[in-house]
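Asks: generate a structure from the sequence data that follows.
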Amino acid sequence: MSTESIKLNFINKSADTNNSNVVIFQQNVAEDFGELAIAWRVIENCGRLDNHPFVYPLKFEVCASDSYGNYTPQMTAYDGQAYQMVKDTSGDVLNLANTPAVSPNEVEVRNNLQAGAINANIFKDGKLLAAKTNMAPGQKAVFEFHPRIYIGVVSQIEEGQVMNSAIIQQVNTEINLFGITSANIVMTGGGPGRSSSPFDFHLEKINQ
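Replies: So this is what the prediction gives:
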């Protein structure tokens, strides 16, 4: 396994009897924490003692969509880079800007069109991780992600969906993946009735 991604394995050791969904997301630390997060992964129908392996790539991809509903190809983004949406002879395209991002730890997406709003979309492992929508010409989106994920039990949420603040407040487990190459994420707690304990998530490192 290359160090470009972290190998994770979700294990359900809870007493849950409601077939709860588990959501995993990240926060864009370059923006205000008041912004909405996107459900990066939703684990569904994972029964007791079942497991769900997945990978967390350290890199992410960037793409933009325009007001006409067009999406640019996804490109791997590296810290310090800036991308710009411009109009060329073929139409609206996203390319690497000549001037880098203001911060070497961040990735910028700039709307350099003369007219028309764009959305900046961030993907990780092919799934939507974050977005900034309705950016007018001259505006930019700034993205930075620490190797931390947030995980919790939610109901009625789908992958790629924007989560409102009420849902995000239910998810209070933060897992730091810094220095991890492979680990289990174990869910415990839950159960029927008033005697049930809250769901708990903890990381079990796997030595390789």
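Asks: helix, strand or coil for the residue nearest the centre of the chain?
Replies: The centroid of the chain falls nearest to Leu129 when counting by Cα atoms, centre = their mean (2.8 Å). Three-state call for Leu129 (DSSP: H, G, I helix; E, B strand; the rest coil): strand.
Asks: I'd guessed it sits against Ala120; true?
Replies: No: Leu129 lies out of contact with Ala120 (Cβ atoms under 8 Å); the separation is 11.5 Å. Bear in mind the C-beta positions are built from the backbone N, C-alpha and C, glycine included.
Asks: with adjacent residues omitted, what lies nearest to Ser197?
Replies: Gly189 (4.5 Å; Cβ to Cβ, 6 or more residues apart in numbering).
Asks: in a strand, the one you found, correct?
Replies: Yes: under three-state DSSP, Gly189 falls within a strand.
Asks: that one - how many residues pack around it?
Replies: 15 (other Cβ atoms under 10 Å).
Asks: same deal with Tyr71?
Replies: 12.
Asks: show me the contacts for it.
Replies: By Cβ atoms under 8 Å, 6 or more residues apart in numbering, the contact set of Tyr71 is Cys63, Ala64, Ser65, Asn121.
Asks: tell me the confidence at Gly80?
Replies: On pLDDT, Gly80 comes in at 96.
Asks: same deal with Pro192?
Replies: 80.
Asks: tell me how far it lies from Ala120.
Replies: 44 Å (Cβ to Cβ, to the nearest Å).
Asks: the residue nearest to the centre of the chain and Ile43, how far apart?
Replies: Taken as Cβ to Cβ, the span from Leu129 to Ile43 is 16 Å.
Asks: ok, now which ones touch Val42?
Replies: Per Cβ under 8 Å, 6+ apart, neighbours of Val42: Asn21, Val22, Val23, Ile24, Ile157, Glu158, Glu159.
Asks: three-state assignment of it?
Replies: With three-state DSSP as the basis, Val42 sits in strand.
Asks: next one: stretch 47-66 to chain centre, how far?
Replies: Centroid separation for stretch 47-66 versus its chain: 8 Å, with Cα atoms, centre = their mean, to the nearest Å.
Asks: which pLDDT value goes with Val162?
Replies: 92.
Asks: ok, now Asp125?
Replies: On pLDDT, Asp125 comes in at 95.
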